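*Asks:* Quick one: sequence and predicted model below, then my questions.
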Amino acid sequence: MTAFAVRPGSSRHLAGTGTLLRFALRRDRLLIPVWIAVNALMVLSMPGTLEGLYGTPADRAGLVRQMETNSSLRAMVGPVFGDSLGALTAWRVGIYAGALAAVMSLLVVVRHTRDEEESGRQELVASGMVGRRASPTAALLAAAVTNAVLALLVAVGLAGQGTAGALALGLGIAGVGMVFATMAAIVAQLTESARLARGLTAASLGVAFVLRAAGDSGTDDGSSVLTWLSPLGWLENLRPYAGERWWVLALFAGAVTLQAGAAYALAGRRDLGMSFLPTRPGPASGGLDSAGALAWRLQRGGVLGWSIGFFLAGVVYGGLAEGAADLVGDNDNARRIIERMGGQSGLTDAFLASMIGMLGLVAALYVVSSVLRLHGEETSGRAEPVLANAVGRLRWAAGHLVIAFGGAALIMLLAGLGFAVGHGRQTGPVLGACLAQLPAVWVVGGVAVLLHGALPRAAMAAWGVAGAVLLIGWVGPALDVPQAVLDVSPFGHLPKLPGGSLEWGPVSVLTGVAVVLVAAGLAGLRRRDMST
């Protein structure tokens, strides 16, 4: 394997870090701003939403009392420590903003470390005057810049609710992001596959969420040992706007320092392109006699992870349906927001419809990631030996697209089964409601296919499209934005099920649009040169 140009013990082991950092930020000039915008707007829109829902101190105090006795909702969003608008904002979106920051950070770090080595680009970079640890340092600095901008936006945007609380919330969200950024830097040294590095770090985030949820369901003050084992639990125990515990920031700093040190130590002990947990040598087990079989082999782990996650999410949200109705009670404003997200129907049906719609938005992220596996195979050079055999481009692409679009159907079906298990009734309606999300999910996937096929250099912009759709779906109804803005998203045209009536016209049109987008993308792929 090619060695780095600078010896491990040299004082120039960080040579080229600045150049690599600028290059990383330039490559992600679309992806990073979209993720920051989605996260920041979700947080900054919440005080106004909460003021509309709970306009008086008595309303907010009543909400706090209800949360103290509702263990299911504490597991979902955490305990509430105060009744001010700032404290309620930190309670309502803090954990989810931290989780989004973690996802954004791990994607950035893996993209600029293991992805670069797997594609072979890092070997070219390392042949110049680049230090051994320049690449992981640049990746971590890119994540740090991203989280710093997010923290600044949150702190400035919420300063009107209280400067100390706004600063604590911003730093806590950024702290969660950096904990998982440094964790991703470690995992990137351990594995040879960028896909596996992303999956393992994301699984660690899932474990952190489960630990926090388990701890919060048993206590109403965040004091459980399980809560303290999770970085998301540290964020809630920082207690923004509720007597800030500044010393909790030391936990974030310590974890980031230790994990970054471990990543640097590992980076100095391996050859470029290698890992401490190498993949098992061939021959591969199972049938690999077709492009579809190879695509399944490459993506089966992701499909399994998403399937388990969606089923469990369905079980949890289904079980919360009746509790959400009790929590809203007679609050007309809260009822109006939920019904706008879920349609004009009974409150329980509206809650189910809104949660199913949110999972549909998340499924759009799955289909984009699965479609862009084509882009990764092409740019890494792994597609070339496959296409050198008796395999046409369309056949090669079809293998991955079947998994992308069929996998979206599978995870939404499993989500529906989870809702049926958790809710205990309406099996048919909730299954139909979940499957009704598919045309909009497929439209987003079709955009990804079109970008990869016709404009491969802009393929990563598909993440921006998915992020914009996510932003409109999550924040739009709460901000009471005009219907014309909601209709920009394909999800804005779907029937609100269960509780509403199934309208086949919009479903058919969206399905047709998805088919046209995929066909156009495949036509572009067939005519253009392959990336090298």
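*Replies:* It's in.

*Asks:* so where's the stretch 201-350 of the chain uncertain?
*Replies:* When residues are selected by pLDDT under 70, those of the stretch 201-350 of the chain lie in 268, 270-289, 322-347.

*Asks:* quick one, helices of it?
*Replies:* Assigned by DSSP state H, counting those that start in this stretch, the stretch 201-350 of the chain shows helices spanning 225-228, 231-237, 249-267, 291-328, 332-342, 347-379.

*Asks:* check which helix or strand covers residue 412.
*Replies:* helix 393-423 (DSSP states H and E).

*Asks:* May I see the buried residues of that helix?
*Replies:* 393, 396-401, 403-405, 407-423 (16 or more other C-beta atoms under 10 Å). Glycine gets a C-beta too; all of them are placed from N, C-alpha and C.

*Asks:* For that helix, give the mean pLDDT please.
*Replies:* For helix 393-423, mean pLDDT rounds to 89.

*Asks:* what's the spacing between it and its chain's center?
*Replies:* 17 Å (C-alpha atoms, centre = their mean, to the nearest Å).

*Asks:* Counting by contacts, list what it packs against.
*Replies:* Here helix 393-423 touches helix 291-328, helix 347-379, helix 383-387, helix 427-435, helix 438-454, helix 504-527, going by 3 or more C-beta pairs under 8 Å, 6 or more residues apart in numbering; DSSP states H and E.

*Asks:* Now do the fourth one: everything it contacts.
*Replies:* The reference is to helix 427-435. For helix 427-435, contacts defined as C-beta atoms under 8 Å, 6 or more residues apart in numbering pick out 314, 318, 352-353, 356, 359-360, 409, 412-413, 415-417, 419-420, 423, 497-499, 502.

*Asks:* Next, the buried residues of it.
*Replies:* If you call a residue buried by 16+ other C-beta under 10 Å, then helix 427-435 has these buried ones: 429-431, 433-435.

*Asks:* Make TSV out of those and add distance to residue 101 and pLDDT.
*Replies:* Output for those, formatted as TSV (distance: C-beta to C-beta, whole Å; pLDDT from 0 to 100):
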residue	distance to residue 101	pLDDT
429	35	84
430	31	86
431	33	89
433	30	88
434	28	90
435	32	91
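
*Asks:* Which helix or strand contains the residue nearest to the spatial centre of the chain?
*Replies:* What sits nearest the mean C-alpha location of the chain, by C-alpha atoms, centre = their mean, is residue 103, with 5.1 Å. If you go by DSSP H and E, residue 103 is part of helix 85-111.

*Asks:* In that helix, which residues are buried?
*Replies:* For helix 85-111, the neighbour count (16+ other C-beta under 10 Å) marks 85-111 as buried.

*Asks:* if we can go back for a sec, could you identify which of the helices and strands packed on helix 393-423 is most buried?
*Replies:* Among the helices and strands packed on helix 393-423, ranked by average contacts under mean count of other C-beta atoms under 10 Å, first place goes to helix 438-454 (a mean of 26).

*Asks:* Give me the helices and strands touching that helix, please.
*Replies:* helix 347-379, helix 393-423, helix 461-479, helix 504-527.

*Asks:* looking only at pLDDT, what's the mean for the shortest one?
*Replies:* So the one you mean is helix 461-479. 77.

*Asks:* what's that helix in contact with?
*Replies:* Contacts for helix 461-479 (C-beta under 8 Å, 6+ apart): 30-31, 34-35, 37-38, 41-42, 45-46, 48-49, 337, 340-341, 357-358, 361-362, 364-365, 368, 371-372, 444, 447-448, 451-452, 481, 485-486, 488-492.

*Asks:* re the thing from before, would you reformat the helices and strands packed on helix 393-423 as CSV and include distance to residue 201?
*Replies:* Below are these laid out as CSV (distance: least, C-beta to C-beta, whole Å):
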stretch, distance to residue 201
helix 291-328, 12
helix 347-379, 14
helix 383-387, 25
helix 427-435, 28
helix 438-454, 22
helix 504-527, 30
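
*Asks:* Would you tell me what the next helix or strand after the helix holding residue 103 is?
*Replies:* helix 114-119.

*Asks:* In terms of secondary structure, what does that following helix contact?
*Replies:* Judged by 3+ C-beta pairs under 8 Å, 6+ apart, helix 114-119 is in contact with helix 121-126, helix 194-218, helix 347-379.

*Asks:* make it 6 Å
*Replies:* helix 194-218 (3 or more C-beta pairs under 6 Å, 6 or more residues apart in numbering; DSSP states H and E).

*Asks:* Residue 191 contacts residue 197, doesn't it?
*Replies:* Yes. Counting by C-beta atoms under 6 Å, residue 197 is a contact partner of residue 191 at 4.9 Å.

*Asks:* ok, these two, which is more surrounded?
*Replies:* Ranked by neighbour count (other C-beta atoms under 10 Å), residue 191 and residue 197 place residue 197 first, with 27 against 22.

*Asks:* Spit out the contact partners of the more buried one.
*Replies:* Neighbouring residues of residue 197 by C-beta atoms under 6 Å, 6 or more residues apart in numbering: 110, 114, 187-188, 191.

*Asks:* measure it to residue 349 for me?
*Replies:* 41 Å (C-beta to C-beta, to the nearest Å).

*Asks:* Same check on residue 393?
*Replies:* 45 Å.

*Asks:* Compute the inter-axis angle for the helix holding residue 103 and helix 347-379.
*Replies:* 20 degrees (axes from the mean of the first three to the mean of the last three C-alpha atoms, to 10 degrees).

*Asks:* can you give me the angle helix 85-111 makes with helix 249-267?
*Replies:* 0 degrees.

*Asks:* by contact count, what packs against helix 85-111?
*Replies:* Helices and strands touching helix 85-111, as assessed by 3+ C-beta pairs under 6 Å, 6+ apart, comprise helix 31-44, helix 46-53, helix 134-157, helix 163-190, helix 194-218, helix 231-237.

*Asks:* so for stretch 33-48, what's the average pLDDT?
*Replies:* 86.

*Asks:* and it, which residues are buried?
*Replies:* For stretch 33-48, the neighbour count (16+ other C-beta under 10 Å) marks 34-47 as buried.

*Asks:* Now do that stretch: distance to the chain's middle.
*Replies:* Per C-alpha atoms, centre = their mean, the centroid offset for stretch 33-48 relative to its chain is 14 Å.

*Asks:* before we move on, what about stretch 454-463?
*Replies:* 19 Å.
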